[in-house]
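S.K.: Here is the input, now give the coordinates:
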Amino acid sequence: MTMLTETFQLSLFPKSQTGQVVNVASVPQRSPFRYPGGKTWLVPIARKWLSEQPKQPKELIEPFAGGAIIGLTAAFEGLAQHITLVELDEDVAPYGKQFWKVITNCLHNKL
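M.R.: Numbering: from 1, shown residues only. Here you go, the predicted structure:
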């Protein structure tokens, strides 16, 4: 008897969207940092994907956060209950944990 195993993975980029060009100037800039090769182009796609989930995600984890444009957009727009930013490269986020503690405390107090 042969057992078939099916792998299922949700696509973040539907085939109809992969060819779309995003004008990054039209995306609200939530991050104080700018990085060449940043994820600003991904904001409209991530926003759409998060808002179309049947339930609001309990947590959004942004690995390689850099300027954290995805996580900050999700926080500002209430697209997830909790946001975790992960950036291990101290050269990318030179002020590290202290900077993000100030930012998240200000956001938390604002909300």
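
S.K.: Surely Gly67 touches Val27?
M.R.: No - using C-beta atoms under 8 Å, Gly67 makes no contact with Val27, being 11.9 Å away. C-betas here are computed from N, CA, C, even on glycine.

S.K.: which of the residues in stretch 46-62 are buried?
M.R.: Within stretch 46-62, the residues that qualify as buried by neighbour count (16 or more other C-beta atoms under 10 Å) are 46-47, 49-50, 60, 62.

S.K.: neighbour-wise, which of Gly67 and Val27 wins?
M.R.: Relative neighbour count places Gly67 above the other of Gly67 and Val27, with 21 against 17, counting by other C-beta atoms under 10 Å.

S.K.: element containing the more buried one, please.
M.R.: Gly67 is part of no helix or strand, with elements assigned from DSSP states H and E.

S.K.: Would you list the phi and psi of it?
M.R.: Comment: the main-chain dihedrals of Gly67 come out as phi -80, psi 0, following degrees, to the nearest 10.

S.K.: try the one 4 residues further on
M.R.: Comment: the main-chain dihedrals of Gly71 come out as phi -60, psi -40, following degrees, to the nearest 10.

S.K.: That one touches Ile83, doesn't it?
M.R.: Yes - in terms of C-beta under 8 Å, Gly71 counts as a neighbour of Ile83; the distance is 4.5 Å.

S.K.: what residue ranges in this structure score low on pLDDT?
M.R.: Within the chain, the stretches with pLDDT under 70 are 1-25, 30-37, 92-97, 100, 107-108, 110-111.

S.K.: that older thread, out of Gly71 and Ile83, which sits in the more crowded spot?
M.R.: The residue with more neighbours, out of Gly71 and Ile83 and counting by other C-beta under 10 Å, is Gly71; that gives 25 against 22.

S.K.: quick one on the thing from earlier: inside helices: which ones of the buried residues of stretch 46-62?
M.R.: 46-47, 49-50 (DSSP state H).

S.K.: among those residues, which two are most distant?
M.R.: Arg47 and Trp49 (7.4 Å; C-beta to C-beta).

S.K.: Okay, and the beta partners of Glu59?
M.R.: Glu59 has these beta-bridge partners by DSSP bridges: His82.
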